[in-house]
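Enquirer: The sequence and its predicted three-dimensional model are supplied below.
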Amino acid sequence: MSFTGRLSTAVGLFLVAVALIIWALVSFLDPGNPGGYVNYTLGHSTGAPVDVNLQTVGAIGTGFGGHPTWVSYLQKDPTSGQWIHDTSMTLPADTVVHMTIDQYDSGSPLRNQEWGQVQGTIGGSATLNGKSYKVYNSYSGNGVGHTFAVPGLGVSVPLIGVNGNLPNICGQAPCGSLPHNVITFSFKTGAPGSYNWQCFVPCGLGYLYGNGGPMSTNNYMGGFLKVVA
Ligand SMILES: [Cu+2]
């Protein structure tokens, strides 16, 4: 091969390597689809509360694309009543949100006991299957599976796990009538702005310290609240 031939092969291989490195970096840093922002402001009358229904599942399954084995949240589309893989929402400002979370995942003791405390909700409490709680001892019962936390609004709620040894624990979404805990709480949206929400329980199984994968990807263990006037 001539010198120019070898040179262009070397340059070509170098460019391919650079392209691969850029691709790997972008895929690593990409937070994923920002979400379609389920819109709760349509037809909303000022002052009226808004109902939001989420669910948490141990594995999203094959019906929702992406990463079937990843732990995830789902949101119930208020218009169609369907569970969708989109964790972001557009909410009216200064409005009470009544949140209902169907929690299908098992739990464990928390690494940080502060996550066991209900914070920033109306009344400083939440309900677990109809029973009020302000703090949950994650060393008791089935532990805590996930948290729903909006740091910008001071909201953090531990979501109590179901018994992981049950024979009919939900393997992948949608989970329907399989064993789950129903957790409810209310909070106020506050001033217009963009607020991220996320789970703080390192639940990304198979990732470094449990904090990679679904923990750092939008539409899995976090999302955004777009609060509008
Ligand atoms: Cu989680």
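Expert: Sure, I can see it.
Enquirer: Look up which residues are beta-bridged to Y195.
Expert: Applying DSSP bridges to Y195 gives these bridge partners: L225.
Enquirer: for it, what are its contacts?
Expert: 150-153, 224-225, 227 (Cβ atoms under 8 Å, 6 or more residues apart in numbering). Yep, even glycine has a C-beta here, placed from its N, CA and C like the rest.
Enquirer: Can you give me the pLDDT of it?
Expert: Looking at Y195, its pLDDT is 96.
Enquirer: can you check I22 too?
Expert: 63.
Enquirer: separation between the residue nearest to D77 when sequence neighbours are not counted and D105?
Expert: Once flanking residues are discounted, D77 sits nearest to I84: 5.1 Å by Cβ to Cβ, 6 or more residues apart in numbering. Plainly put, I84 is 18 Å away from D105 if you go by Cβ to Cβ, to the nearest Å.
Enquirer: Same drill for those two, tell me which one is more crowded.
Expert: More crowded of I84 and D105, by other Cβ atoms under 10 Å: D105, with 26 against 15.
Enquirer: so the more buried one makes contact with G143?
Expert: No. Checked against Cβ atoms under 8 Å, the pair D105 and G143 is beyond contact range at 10.4 Å.
Enquirer: Now do the shared contacts for these two.
Expert: G161.
Enquirer: Would you mind naming what in the protein lies close to the ion?
Expert: Within reach of the ion by Cβ under 5 Å from the ion, the chain has these residues: 146, 199, 201, 203, 221.
Enquirer: That concludes my questions; thank you for your assistance.
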